[in-house]
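[1] the following block contains a protein sequence and its predicted model.
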Amino acid sequence: MRILSVQEAAEMLEVDLRTVYRLIERDGLPAFKVGRQWRMRLRDVESWIDAKLKAREPAGTYRLGQQSLLAEDASKAAADSRPGFSDSAFSENADLPVHSWVPWIAGFSATFVAEVLDHYLGSGGDGQDAVVLDPFAGVGTTLVTALLRGYATYGFEINPYAAEVARLKLAVRSIPVDELERSIARFREAVGRAVREGTKPERRPPSGFRTRSRFLSPEVERKVLLVRDFTWSVEDPLVRSCFRVALGSELVGFSNYSYEPSLGTRAAAGKKDVLDAPVVPTMARKLRKMLSDIRLVQRDVRAGGPAPSAELVEGDFFTAAGSVASESVDLVVTSPPYLNNYHYVRNSRPQVYWLEMVGSPKDLKGLEDRSFGKYWQTVRTEAQIPLAFGMPELQDSLDFLRSVNTHKGPYGGPGWANYAATYFNDAYRLAGELQRVLKPGGRAVVVLGNSILQGVEFRTDELFARICELRGLCADDILPLRQKRTGTSIIKSSVRANAARSKTQLYESAVVLGNTAG
């Protein structure tokens with residue numbers, strides 16, 4: 001049984017000491033006195049948190065049978081003949097159990113996914129046999145939402161860090177909470193003592209990880225390495241994965257880098273370096289939040305019966321797509337990397353190196369070469385890359401892009417045109433796979449945004465809809481989601497923008513596709 005002091009309770013709740021005393025006196029936070037000092041049982045505090053979360057639960061929720069998990073009611077979308085979906089931004093997940101474990105710039109809002117599921121599949125969990133697919137699963141928002149609503153779900157993810165996060169979330173019903181709680185207690189005691197005593201870590205920083213300036217300050221690096229020593233010693237694989245995911249989610253916050261939105265130095269963003277950080281308390285707080293969420297889910301689904309099947313394949317969709325049978329999928333909810341993507345794999349370089357998922361730049365390049373659309377850096381110096389299909393209006397845009405800033409060579413229009421052609425060739429391949437795996441009458445909702453390369457706008461949502469029509473799908477609708485999205489700093493950079501044509505606003509849409517075959 002774990003007993004907390006007021007200070008430890010304050011760290012757990014992320015509040016100051018006065019707030020803890022107020023919660024004890026006025027808000028029913030369970031506590032008792034030992035002499036003149038207040039103490040709390042950890043399980044009582046976690047039950048109090050669960051009760052507070054439950055009290056905030058809206059009328060409509062994600063469902064597994066008749067059980068619930070916190071989320072907004074999406075049923076109103078199902079009643080409309082033409083859906084109007086919420087903002088798809090991942091930031092909407094910040095207060096949702098499980099979904100909030102790892103921030104992900106390229107992720108979905110769980111509320112958006114729930115609305116899509118409700119509109120096209122109904123309320124779910126009532127014996128329906130619908131199958132949901134996400135070819136670009138990220139950290140698993142589509143998969144987890146579909147699973148908790150009672151649908152079988154399958155996903156593919158090339159980024160090994162995102163794939164581990166998604167797999168852990170899908171296993172939330174199976175994580176041993178008692179063992180996780182004991183491991184957190186051992187972590188606080190053992191690693192906390194090692195930090196205080198100046199213990200040298202056994203592990204060294206990943207040898208293949210190189211940055212322009214020091215990633216972690218010396219004292220922070222020692223603490224993070226001690227965390228890694230403990231994490232790698234955890235025997236239960238799901239509990240160990242909890243520690244790995246927690247470390248990955250907090251790692252950049254301990255570092256001299258930040259997301260702006262791409263990964264860059266804090267100094268370049270006008271921020272001071274992190275000379276020291278409360279690594280152990282921050283990790284413990286994150287792990288306790290995860291433990292609380294896991295208990296919440298396991299309590300809510302205990303009477304829900306067997307979970308539907310859920311599988312996450314680590315790898316690129318094109319290589320593994322053959323594992324999905326033709327005409328087997330009812331609904332696809334996904335978002336491929338955008339044409340002006342934020343270095344999808346490179347943005348998680350700290351996590352994949354420090355969690356020992358890659359060992360060298362060669363490993364990372366292998367992921368980039370297999371990523372959807374590749375990257376400007378990987379194709380800019382190649383001979384002119386042609387479109388693999390006929391679409392005159394897209395070809396005209398590519399030809400114009402090749403004529404822009406030719407004096408810059410591969411850094412000008414010709415290099416970016418190679419990148420755009422590669423991207424749309426992959427979009428053509430994706431459309432073909434969607435047409436193959438969707439059942440007759442099935443739907444795909446694909447979130448995309450426009451992009452700006454060297455000042456030339458590509459309305460990627462509209463172009464993708466046309467590409468899908470070439471592959472035999474019906475483009476039912478293009479629904480606006482956001483009139484303004486992250487990325488202005490990217491498109492106005494010297495390699496992306498032409499000053500005379502750089503005022504176009506970035507937006508985001510949902511392309512709704514139907515398979516009319518059969």
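    Received, thanks.
[2] Val358 in helix, strand or coil?
    Under DSSP: H, G, I helix; E, B strand; the rest coil, Val358 falls in the coil class.
[3] and it, what are its phi and psi?
    Backbone torsions of Val358, given as degrees, to the nearest 10, read phi -130, psi 160.
[4] from Arg459, how far out is it?
    Look at Val358 and Arg459: by Cβ to Cβ, to the nearest Å, they are 35 Å apart. From N, CA and C alone the C-beta is placed, and that goes for glycine too.
[5] when the two are compared, which one has more neighbours?
    Of the pair Val358 and Arg459, Val358 is the one with more neighbours under other Cβ atoms under 10 Å, namely 22 against 17.
[6] pLDDT wise, what is the more buried one at?
    pLDDT for Val358: 91.
[7] nearest residue to it in space, please, no chain neighbours.
    Closest residue in space to Val358, ignoring its immediate chain neighbours: Val352 at 4.8 Å, by Cβ to Cβ, 6 or more residues apart in numbering.
[8] for the helix or strand containing that neighbour, packing partners?
    In this structure, Val352 sits in helix 349-354 according to DSSP states H and E. Secondary-structure packing of helix 349-354 (3 or more Cβ pairs under 8 Å, 6 or more residues apart in numbering; DSSP states H and E): helix 160-170, helix 237-254.
[9] show me what counts as buried in whatever helix or strand comes next after the last one.
    To tie it back to what came earlier, the one meant is helix 237-254. Using DSSP H and E, the helix or strand that directly follows helix 237-254 along the chain is strand 257-259. Neighbour-count burial for strand 257-259 flags Tyr257, Ser258 (criterion: 16 or more other Cβ atoms under 10 Å).
[10] each with direction, which strands does strand 257-259 pair with?
    strand 263-265 (antiparallel) (DSSP bridges).
[11] tell me the mean pLDDT for the partner strand?
    pLDDT averaged over strand 263-265 gives 86.
[12] same deal with stretch 309-321?
    Here stretch 309-321 scores 90 as its mean pLDDT.
[13] for this protein, which strand is longest?
    Using DSSP state E, we find that the single longest strand of the chain is strand 438-449.
[14] paired strands for the first helix or strand past it going along the chain, with orientation please.
    Using DSSP H and E, the next helix or strand after strand 438-449 towards the C-terminus is strand 451-453. Using DSSP bridges, strand 451-453 pairs in its sheet with strand 456-458 (antiparallel).
[15] returning to that earlier point: which residues touch the residue nearest to Val358?
    Applying Cβ atoms under 8 Å, 6 or more residues apart in numbering, we find Val352 in contact with Asn159, Pro160, Tyr161, Val345, Val358, Leu364.
[16] Val139 too?
    By Cβ under 8 Å, 6+ apart, the residues touching Val139 are Trp101, Val102, Trp104, Gly107, Ala162, Val165, Ala166, Lys169.
[17] mind putting those residues into a markdown table with neighbour count?
    Converted to a markdown table, the contacts of Val139 look like this (neighbours: other Cβ atoms under 10 Å):
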| residue | neighbour count |
| --- | --- |
| Trp101 | 24 |
| Val102 | 25 |
| Trp104 | 22 |
| Gly107 | 24 |
| Ala162 | 27 |
| Val165 | 27 |
| Ala166 | 27 |
| Lys169 | 25 |
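[18] so, low pLDDT: which residues of this protein?
    Low-confidence segments of the chain, defined by pLDDT under 70: 14-16, 18, 53-84, 90, 123-128, 301-305, 341-343, 484-504, 517-518.
[19] care to break it down by domain?
    3-55, 62-157+310-325, 177-301, 373-518 (automatic domain parsing).
[20] and Val332, which of these is closest to it?
    Across these, Val332 has its closest neighbour in domain 373-518 (3.8 Å, Cβ to Cβ).
[21] pull the distance from the strand or helix carrying Lys33 to the chain's centre.
    Using DSSP H and E, Lys33 sits in strand 32-34. Relative to the chain's own centre, strand 32-34 is displaced by 42 Å; criterion: Cα atoms, centre = their mean, to the nearest Å.
[22] name every strand pairing with the longest strand of the chain and say which way it goes.
    Partner strands for strand 438-449, per DSSP bridges, with pairing direction: strand 329-334 (parallel), strand 508-514 (antiparallel).
[23] give me the distance between the two termini of stretch 197-204.
    With Cα to Cα, to the nearest Å as the measure, the first residue of stretch 197-204 is 19 Å from its last.
[24] repeat for stretch 166-181
    From its first residue to its last, stretch 166-181 covers 21 Å (Cα to Cα).
[25] alright, I will stop here.
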